[in-house]
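Take this sequence and fold it.
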Amino acid sequence: MTMTADFHSRTRRSSDLSKHSAEVFAEAEDHPVIVTRRDGEALVLMSQREAEGRTRLLEVAAQLISVVTDDRGTIAERMTKVFPWMLALSESDREVCAREVLDAALASFSTEQPHLAIAELTSWKETATALAAGLAGADLEWLDVETPVERP
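Predicted coordinates:
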């Protein structure tokens, strides 16, 4: 799977960028746009959010590759070396966390959607942080699941 193949329907000519810049910029806010040029290599125009998401996904990929290429201990034990915040989780939660983060990463890589892996990793880290802060024993008041709540 290549970026070029994925962007095939999102290609614009450089003349579109000069003649219809607002339209091309609006498109680039939604998804990366390949800008082809007669005199040079094609360029990709994307939002900073998109670029940062891809960079973060590559960082997570590098961390996970170091986890899966290590052969000492369980996957959860190896992940705690890379993500020490996992030590705040119970042993069973570490196993669940490891599996869910790896599954989300695979989904992110397969669909080119960085937010899947990043959100899963962030969610687990926030859970570990809350547990470390002693918020595990808080009494919860559940809303009535039968009563619909309007979205904000």
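
Please identify the buried residues of the helix or strand containing Glu23?
Here Glu23 sits within helix 21-30, counting by DSSP states H and E. Residues 24, 27-28 are the ones in helix 21-30 that count as buried (16 or more other C-beta atoms under 10 Å). Every residue, glycine included, has its C-beta placed from N, CA and C.

Stretch 125-144 now?
125, 127-128, 131.

and it, what's its mean pLDDT?
Taken as a whole, stretch 125-144 carries a mean pLDDT of 82.

Next up, the contacts around the nearest residue to Gln63 once chain neighbours are set aside.
Nearest non-adjacent residue to Gln63, counting by C-beta to C-beta, 6 or more residues apart in numbering: Val82, 4.9 Å away. Neighbouring residues of Val82 by C-beta atoms under 8 Å, 6 or more residues apart in numbering: 63-64, 66-67.

one more time with 7 Å
63, 66-67 (C-beta atoms under 7 Å, 6 or more residues apart in numbering).

Just the closest of those residues to Glu91, please.
Val67 (16.9 Å; C-beta to C-beta).

returning to that earlier point: between the contacts of Val82, which has the most around it?
Ranked by neighbour count (other C-beta atoms under 10 Å), the contacts of Val82 have Val67 at the top, with 20 neighbours.
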